[in-house]
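Student: Got a sequence here, can you build the structure:
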Amino acid sequence: MNGETQFPRSLTTLERGLLEWLLPADRRGYRAYRELLDVWKVSGQGRRGEGNYILAAEGTAPDNESPLPQVLAYGLVETEGDEIAVLVRERLGDQVEFEIASLKSETIPREWKEIRRWTYSTWLPGKPCPICRGIVREVPLRASPTHLLALAICRADKKIWIYDSETGINHIIPLTNFYNELMLHKNVREPSIALRPELLFANIDTYSDRDLLYAFVTYNKLRTKIVLDHEIVIPPEPRKSLLQRLRSLFKRG
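Tutor: As a prediction, this is how the structure comes out:
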């Protein structure tokens, strides 16, 4: 991408510009990573090859053996004839891995005409999906009186993420593990449903906010996305009305 093979090196102008866009300074969680751009150097290449690099403190040897950290931030620059993906992973010791790569060719063009760009990093509850600009399904959560979260699901783009008010970070949630927790909660064992995570988006209207909340809470306990000082209290199932209870009795009869 930059023709350089010697490490450590400084970030290129293109790398810095895209990473600063992906790590907005007005979000505390992203700002902590953005500040590292000024003090750390590109110390080596990541395990995914060209465009994948390790930003690290002076004297830190790149670690390409540990499991890959979770994705911290992701965005896409759409150009005429290409798409440039930009990704930053969570900090691993004194290093941060980032990737800037074309989705349609082996290398990034030297020049391009940008059509638009989008990122999860700037999304806020109540806003449209950053990808398709459509309405997303939102489930508000309260970890404490001042710690608010919002689970967001876009049916059109088949994406799930959760907003953390304390850090301003939007954490991307992998579909499969989240869906597994939802199926366990709903006690769904039919393989044609339970083993097809993509059905979450087709059937999203059949799940209550409580169902989705329960799936996130149990998922977060197993694969922590957000560190919580207080346990999220899942509200009880709403009581059925007398008419609903009578209908249930007739169905059983």
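Student: got the CA positions of the longest helix along the chain in CSV?
Tutor: Longest helix of the chain, by residue count under DSSP state H: helix 209-222. Taking C-alpha atoms only, helix 209-222 is exported to CSV below (Å, rounded to 0.1, in the frame of the first residue of the first chain):
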residue,chain,number,x,y,z
ASP,A,209,-37.7,-6.6,23.3
ARG,A,210,-37.3,-8.8,26.3
ASP,A,211,-36.3,-11.7,24.2
LEU,A,212,-33.6,-9.7,22.5
LEU,A,213,-32.4,-8.2,25.8
TYR,A,214,-32.1,-11.7,27.3
ALA,A,215,-30.1,-12.9,24.3
PHE,A,216,-27.7,-10.0,24.6
VAL,A,217,-27.2,-10.3,28.4
THR,A,218,-26.4,-14.0,28.2
TYR,A,219,-24.2,-13.4,25.1
ASN,A,220,-22.3,-10.7,26.9
LYS,A,221,-21.6,-12.9,29.9
LEU,A,222,-19.9,-15.5,27.6
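Student: Show me what that helix packs onto, helices and strands only.
Tutor: Helices and strands touching helix 209-222, as assessed by 3 or more Cβ pairs under 8 Å, 6 or more residues apart in numbering; DSSP states H and E, comprise strand 137-142, strand 148-154, helix 175-186. C-betas here are computed from N, CA, C, even on glycine.
Student: so for it, what's the average pLDDT?
Tutor: Over the span of helix 209-222, the pLDDT mean works out to 94.
Student: For it, buried residues please.
Tutor: 211-220 (16 or more other Cβ atoms under 10 Å).
Student: Can you say which of the helices and strands packed on helix 209-222 is nearest to residue 20?
Tutor: strand 148-154 (24.1 Å; Cβ to Cβ).
Student: Tell me which helix or strand comes right after the closest one.
Tutor: Going down the chain from strand 148-154, the next helix or strand is strand 159-164, by DSSP states H and E.
Student: I'd like the mean pLDDT over that next one, please.
Tutor: Mean predicted lDDT for strand 159-164 stands at 97.
Student: Then stretch 14-28?
Tutor: 98.
Student: got the end-to-end distance for that stretch?
Tutor: 23 Å (Cα to Cα, to the nearest Å).
Student: ok, back up a step: reformat the buried residues of helix 209-222 as TSV; add distance to residue 188.
Tutor: Output for those, formatted as TSV (distance: Cβ to Cβ, whole Å):
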residue	distance to residue 188
211	11
212	14
213	17
214	13
215	12
216	17
217	18
218	14
219	16
220	20
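Student: ok now do the residue lying closest to residue 47 once chain neighbours are set aside, which residues does it touch?
Tutor: The shortest distance from residue 47 to any non-neighbouring residue, by Cβ to Cβ, 6 or more residues apart in numbering, is to residue 64 (4.6 Å). When contacts are counted by Cβ atoms under 8 Å, 6 or more residues apart in numbering, residue 64 touches 44, 46-47, 54.
Student: Which members of those come out as buried by neighbour count?
Tutor: Those of those that meet the buried threshold are 44, 46, 54, by 16+ other Cβ under 10 Å.
Student: which of the residues you listed lies closest to residue 26?
Tutor: Nearest member of the buried ones among the contacts of residue 64 to residue 26, counting by Cβ to Cβ, is residue 54, at 26.5 Å.
Student: Tell me how far that closest one lies from residue 97.
Tutor: 6 Å (Cβ to Cβ, to the nearest Å).
Student: Now the common contact residues for the two.
Tutor: residue 46.
Student: For the stretch 51-200 of the chain, which segments are assigned as strands?
Tutor: 52-56, 71-79, 82-89, 95-102, 114-119, 137-142, 148-154, 159-164, 170-172 (DSSP state E, counting those that start in this stretch).
Student: closest one to residue 183 among these?
Tutor: So among these, strand 159-164 is nearest, using Cβ to Cβ, at 14.7 Å.
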